[in-house]
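Asker: Make a model of this:
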Amino acid sequence: MTKISLTDILKNVMSFLERSGTEYMNWLNKLERKFGNWAIPNLIVWLIGAYTIGFVLYRVNPSIIGLLMLSPYHILHGQIWRLITWVFMPTDTNLVYLLIMALFYYQLGTTLERTWGTFRFNVYIFGGMLFTVIGAFLLYGIMYLLNGGVTTEMLLIGTSFSTSYINMSIFLAFACMYPDMQVLLMFIIPIKMKWMAAVYGVLIALSFFETGWAGRMAIFMSLLNFIIFFFSTRNLKRYTPHEVHRRQKFKADMRRPQGYAGGAKHKCAVCGRTELDDPTLEFRFCSKCEGNYEYCQDHLFTHQHIRLS
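Answerer: Below is the predicted model:
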């Protein structure tokens with residue numbers, strides 16, 4: 001009988017996750033081509049705005065938070081607005097902490113959106129929200145079957161599901177993309193993102209074992225969203241801020257109206273030919289050149305890359 005070691009099992013699991021990640025990226029590319037125009041720009045601003053509204057509602061009437069929670073029991077009994085309003089629950093009731101959190105995650109969110117693109121950032125955030133909702137209902141269903149009915153603990157599931165775990169996934173994704181970026185902890189201590197992520201990971205692990213099943217499910221579903229992201233992007237090049245700026249400038253140049261002599265829309269930067277000279281010519285922009293340079297099929301792979309610095 002062939003023995004299967006733990007190492008072999010882990011290798012098989014890793015291989016499966018990598019294949020799944022590749023398939024996920026291919027699927028995401030197809031979705032972006034079809035629905036990319038429907039993505040919401042500056043989504044992190046809307047998310048912070050929702051926290052702010054929730055904070056104001058809490059200050060006006062603290063009991064109203066109970067009507068916003070993601071409670072599967074109440075949703076199944078007609079309060080379907082909770083599927084959306086749980087996003088408005090403030091991550092903290094302290095104004096100073098809320099302002100610091102808003103500023104910090106605004107920087108993380110806008111940077112990730114510039115790096116991935118608006119559509120992919122939307123998918124990541126809404127995917128995390130979807131996983132959170134699924135996790136809440138999954139836990140409710142399991143507890144219902146085990147207990148043979150509704151218990152007090154099941155009515156309180158919503159207290160453990162909040163957007164704080166969405167923020168957690170944003171932080172981990174940023175640390176994954178920019179592990180060596182340095183930030184100021186408490187606005188004083190310089191520290192790299194990878195070390196902050198390591199400390200954060202330890203705190204998450206402690207919280208996972210100390211909290212109840214509802215908290216564990218919320219943490220797990222948020223981590224699941226991050227894990228899918230990690231394995232679908234682990235082979236991508238890590239972007240530096242300079243590279244992000246260069247990509248943005250290139251896209252901006254691409255959006256500007258262009259035109260050449262005779263009404264031509266394409267022109268090779270090497271030979272100067274346009275589609276008017278030869279309708280069979282194909283033109284492509286070179287991603288390795290710094291600037292907005294287009295080449296015909298004869299010079300796309302043979303030209304010398306242009307470096308501005």
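Asker: in this structure, which spans are helices?
Answerer: In the chain, the helices defined using DSSP state H lie at 6-35, 43-60, 72-76, 82-85, 95-116, 118-147, 152-155, 164-177, 193-210, 213-233, 241-255.
Asker: Out of those, which one sits most buried?
Answerer: helix 164-177 (a mean of 21; mean count of other Cβ atoms under 10 Å). Yep, even glycine has a C-beta here, placed from its N, CA and C like the rest.
Asker: Now do that helix: distance to the chain's middle.
Answerer: Relative to its chain's centre, helix 164-177 lies at 8 Å (Cα atoms, centre = their mean, to the nearest Å).
Asker: That one to helix 118-147, inter-axis angle?
Answerer: Relative orientation of helix 164-177 versus helix 118-147 (axes from the mean of the first three to the mean of the last three Cα atoms, to 10 degrees): 130 degrees.
Asker: Contacts only, for the nearest residue to N167 once chain neighbours are set aside.
Answerer: In space, N167 comes closest to Y105 once its chain neighbours are excluded; the distance is 5.8 Å by Cβ to Cβ, 6 or more residues apart in numbering. By Cβ atoms under 8 Å, 6 or more residues apart in numbering, the residues touching Y105 are 44, 47-48, 167, 170-171.
Asker: go on, F283?
Answerer: F283 touches 266-268, 275, 294-297, counting by Cβ under 8 Å, 6+ apart.
Asker: where are the low-confidence patches of the chain?
Answerer: Scanning the chain for pLDDT under 70 picks out the ranges 1-27, 185-187, 231-259, 308-309.
Asker: ok, back up a step: got TSV for the contacts of F283, with distance to H303 and neighbour count too?
Answerer: Output for the contacts of F283, formatted as TSV (distance: Cβ to Cβ, whole Å; neighbours: other Cβ atoms under 10 Å):
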residue	distance to H303	neighbour count
H266	15	18
K267	13	21
C268	9	21
E275	18	18
E294	11	20
Y295	6	22
C296	10	23
Q297	12	12
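Asker: Y97: which of those is nearest?
Answerer: Within those, distances to Y97 taken as Cβ to Cβ reach their minimum at E294, with 50.1 Å.
Asker: For the closest one, which residues count as its bridge partners?
Answerer: Taking DSSP bridges as the rule, E294 bridges to F285.
Asker: residues in contact with it?
Answerer: Per Cβ under 8 Å, 6+ apart, neighbours of E294: 266-269, 283-286.
Asker: let's see 7 Å
Answerer: Applying Cβ atoms under 7 Å, 6 or more residues apart in numbering to E294 gives the contacts 266-269, 283-285.
Asker: Kindly report the same for M101.
Answerer: 91-92.
Asker: Please repeat the previous calculation with a cut-off of 6 Å.
Answerer: Listed by Cβ atoms under 6 Å, 6 or more residues apart in numbering, M101 has no contact partners.
Asker: Right, I'll call it a day here.
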